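1. Okay, predicted coordinates and the sequence, questions at the end:
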Amino acid sequence: MNLFWTNTIWYVLLGVLTVFEVIFSIIKSKRYKFVFAFYMTLAGLVFFFETIILIIFRAYNYYPMIILSSPFDDVLAGNLFSQFSVAATALLVAVFNLEYYWMIIMSGIYGLIEELFLALGIYSHNWYRTWMTFVTLIVYFWWAKRNYLNSLKGIKPLRYYFFIFIGLFPLDVVTILWAFILSGYQNYTGNFIPDPVRSPYVVAVLYYVLLAITMILIYFLKLKWRWKSIVILTFYGVNYLAYKIHIFYFFNTEWFLIFSTVSIFSVYLSVVFIDHLFKTSKS
């Protein structure tokens, strides 16, 4: 209980603020589905960035004290609160078409929050510094506003596919793939990069990239179900090969089937879902 009031509560408050910002932005936009889809894209973009600087380059650490059995998963849990929060603020900036000085102010507020978390000992830097957050968020908020306003006029195909690809990350990687790792019944090799703790998460993201690109292609190419079935069965084969050469680990063969089925079809259905949301002009 003491850890909740010293560590977790601050992340919970950040989560509450995130939910408020997202709901407020969606309601005020009057384009509920489109804005939610764009939020998924904004969140996915920062999660990809985090994969590089947090998982690979060890920029910093979070200490929400939520997953006590696994310190690095606890770091990732804290990261979710942080990145969903900045994505929510980026959505607010975009939907309300805020002026550039607001981007600077909000980036400064996040810098102050970061310094507060450092002072409280619930977050720490390795090589990273707070000024990097300030500068990066200004660019990120500008990107969010520019792309949102341009998207209201229509999204060109390549950008559209990119939006969907990025938007799949929060829908599948931070839910389905991470849940399998947390379950203890499925994992990835610890030898892909020198750090055995972070290695499985890098492989998980690479698996997502391959799977997401494949599902996007078979969906938008409008392949007949016969060809879609061949591609999907091929993915089962790829997963089984990865299992046999110890890139993937499963508790047993049944879990190989469960993981393959859930991961493949969840990504495909997520493509369908985000495509539907983006194509809904008014609702």
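-> On my side now, so go ahead.
2. tell me the centre residue of the chain?
-> Centroid check for the chain by Cα atoms, centre = their mean gives P170 as the closest residue, at 3.5 Å.
3. Does that residue touch M40 like I think?
-> Yes. Using Cβ atoms under 8 Å, P170 is in contact with M40, at 5.6 Å. The C-beta positions use only the backbone N, C-alpha and C, and glycine is treated the same way.
4. Quick one: distance of the helix or strand that contains Y207 to the chain centre.
-> If you go by DSSP states H and E, Y207 is part of helix 199-220. Going by Cα atoms, centre = their mean, to the nearest Å, the spacing between the C-alpha centre of helix 199-220 and its chain's C-alpha centre is 13 Å.
5. any idea of the mean pLDDT for that helix?
-> Averaged over helix 199-220, pLDDT sits at 96.
6. give me the low-pLDDT residue ranges for the stretch 1-150 of the chain?
-> Residues of the stretch 1-150 of the chain meeting the criterion pLDDT under 70: 1.
7. which stretches of the stretch 1-150 of the chain form strands?
-> Using DSSP state E, counting those that start in this stretch, the strands found in the stretch 1-150 of the chain span residues 60-62, 123-125.
8. Most tightly packed of these?
-> strand 60-62 (a mean of 21; mean count of other Cβ atoms under 10 Å).
9. And the residue nearest to the centre of the chain, how far from L80?
-> Remark: distance between P170 and L80 (Cβ to Cβ, to the nearest Å) = 9 Å.
10. swap in V272?
-> 24 Å.
11. For these two, work out which one has more neighbours and name it.
-> Applying other Cβ atoms under 10 Å to V272 and L80 shows that L80 carries more neighbours, namely 21 against 12.
12. so that one makes contact with V174?
-> Yes. Proximity of L80 to V174 meets the contact threshold set by Cβ under 8 Å, at 6.1 Å.
13. Give me the helices and strands touching the top helix by length along the chain, please.
-> Secondary structure of the chain read by DSSP state H shows that its longest helix is helix 253-279. Here helix 253-279 touches helix 32-50, helix 157-168, helix 178-183, helix 199-220, helix 225-244, strand 248-250, going by 3 or more Cβ pairs under 8 Å, 6 or more residues apart in numbering; DSSP states H and E.
14. Of all the strands of the stretch 1-150 of the chain, which one is nearest K153?
-> strand 60-62 (37.7 Å; Cβ to Cβ).
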